[in-house]
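> Sequence below, structure please.
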Amino acid sequence: MDVALTLIAIALAILLIIRFKVDPVISLIVSSLFLGLSAGVGLAGTTEAITVGFGDIMTEVGLLIGFGVLIGSLLQATGTFRRLVDIIAARVGGRLPYAMAAALSTIFPSIYVDVQVVLASPMARQAAPVINKRRGLPWLAGAIAIGIFSGYVFVVPGLAAVAVAGLLDLPLGTYLIYGAPIGLITALVVAFLFKLLLATGFWNERTDIDEDEVEHPDHPHHAAWEAIGTEDEHRAAHDAHDPDIEDPDAIPAKALQMPLILRLSPVLIPLVLIATGAFAELFGSDSAVIAFVGNANIALFIGLLVAFVIGRRTLGSDGTGNALSHGFRTTGEILLITGIGGSLGAVISETGLDKTLAGLFSADAGAPILVTVLLSWFIAALLHFAIGSVSVGAITAAGIIAPVVASTGVDPVVIALAIASGAMFALHVNSNFFWMFKSLLGLSTQGALKTLTLATSLGAVVSLPLVLVASIFA
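Here you go, the predicted structure:
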């Protein structure tokens, strides 16, 4: 019954948002209340789950979102992303989605997924017109989605990868040997398949992009990017000082004169600090200082301080204040919807769905390897679909399956990879990441479903046969 009610609650949220155009905050609260009350969580229990779930998510990602968005806003104002896009467009051009998918899945899995999307989304939005005026944004969005989560579940030290390996008593090195190739191949194949899907015309800019983001002549984030010029061209436009022409994206001369690597330092410094902390912990050589500066919140705050200093030197106090004000407005919207997504996940957890699935797997202990892999994949997929967290879904599935791994006769690394594969399946509206992704990339709810949900679903399906291939060598 708890499975059916959970599915009904999720369907209710999707129906309210897409069919009846109800605000996502209201829709998710209604779904949370329905599920809590219908599943017997009770009035007090439902209320507590909603509030505690909101608070837990804010504790986990609130500062990450705030600091990351503010960094992005300042980098946008200094023209950093524009310049970076010019360089990347010249060097990789239409291969940018593959480059981003590969980098996110292999180089940056140690970084929290929330940080990854906060840092990657501004670049994707700026680069979209360069890749393809109509389909560049969804292709990059899909590439970012699968790159982030392929690394998260398959590549050590991604959180889900480390957690699953630990619960199944697997050496991290063993998991990495099998998982890293699967993660990279999955990311690249899905990026390619996503390009093919977009060619069928299923993407509709009118309904799949947030109405506030639709291009019009005065929109500061889009109109100036219909044709991205070189930085010298922007400098010429800026130096012209034509009183009859207002360029909302004009970059101050001081910013143009600053080396790009220095302008990128607010992003690079947090990445280095976070990765250093993660690897130091992984190899048991961490210290209090490394743990402090490697904490994602502290690392991003350091990046924000650097961005603020650069902003004051290049934009002046007024320009820096305007950039921060825009970031604050964006942050408030993202934080609210992110927290409500956490509330629904908390209510789902209170229904006891994990206990129901534990009995299902135990009944099939000792089954052939194909059945065992498929069942491991299915349990992780269902848990993630219901709970709304890839890591929680993977960890819960591993916790359920771990006691019976020995009796299956299947190598634990294969079961771990199957869990990782299934845990990616269909990231959707009950995930706080979904709403961050939607807002940061300027998509409608339908657009986020067509990119993030579809890309992660494809990732789960594409990686499953790769897991079966790995089982031959394990």
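
> quick one, what contacts residue 450?
Residue 450 makes contact with 138, 202, 203, 208 under the criterion CB atoms under 8 Å, 6 or more residues apart in numbering. For every residue, glycine as well, the C-beta is placed using N, CA and C.

> Is there a quick ChimeraX command that grabs whichever of those residues are buried?
Buried members of these can be picked out in ChimeraX with the line below, counting by 16 or more other CB atoms under 10 Å:
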select :138,203,208
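
> Can you list the low-confidence ranges for the stretch 51-200 of the chain?
Along the stretch 51-200 of the chain, segments meeting pLDDT under 70 span 85, 88-89, 108-112.

> switch to 90 and redo it
53, 56-69, 71-73, 75-96, 100, 103-104, 106-134, 155-174, 176-177 (pLDDT under 90).

> for it, what spans make up the helices?
Per DSSP state H, counting those that start in this stretch, the stretch 51-200 of the chain has helices spanning 63-77, 80-91, 96-106, 113-131, 136-154, 159-167, 172-198. These are given in chain order.

> and the gap between the residue nearest to residue 264 when sequence neighbours are not counted and residue 64?
Leaving aside its chain neighbours, residue 264 sits nearest to residue 80 (6.1 Å; criterion: CB to CB, 6 or more residues apart in numbering). Using CB to CB, to the nearest Å, residue 80 is found at 20 Å from residue 64.

> These two: which has the busier surroundings?
residue 80 (28 against 20; other CB atoms under 10 Å).

> now the helices for the stretch 351-474 of the chain?
For the stretch 351-474 of the chain, applying DSSP H, counting those that start in this stretch gives helices covering 353-362, 369-387, 390-401, 405-408, 412-423, 432-440, 445-448, 454-473.

> among the ones you listed, which gets the worst mean confidence?
Note on these: lowest mean pLDDT is at helix 353-362, with a mean of 63.

> Which strand or helix spans residue 201?
In this structure, residue 201 sits in neither a helix nor a strand according to DSSP states H and E.

> so what pLDDT did it get?
89.

> going forward, begin numbering at 10 instead of 1
With the count now opening at 10, the last piece we talked about shows up as residue 210.

> okay, now it: neighbour count?
Neighbours of residue 210 using other CB under 10 Å come to 9.

> Distance check, it against residue 140.
17 Å.

> OK, contacts around residue 111?
Counting by CB under 8 Å, 6+ apart, residue 111 touches 156, 193, 196, 197.

> before we move on, back to that, pick the most deeply packed of the helices of the stretch 360-483 of the chain.
When the helices of the stretch 360-483 of the chain are scored by mean count of other CB atoms under 10 Å, the highest mean neighbour count falls to helix 421-432 (a mean of 30).

> Output the contacting helices and strands for that one.
helix 145-163, helix 168-176, helix 181-207, helix 378-396, helix 399-410, helix 414-417, helix 463-482 (3 or more CB pairs under 8 Å, 6 or more residues apart in numbering; DSSP states H and E).

> Can you give the contact residues for the fifth one?
Where contact means CB under 8 Å, 6+ apart, the residues beyond helix 399-410 that reach it are 122, 158, 161-162, 168-169, 172-173, 176-177, 354, 358, 363, 366-367, 370, 385, 388-390, 392-396, 424-425, 428-429, 431-433, 436, 440, 442.

> Excluding covalently adjacent residues, which one is nearest to residue 355?
Closest to residue 355 by CB to CB, 6+ apart is residue 62, at 2.6 Å.
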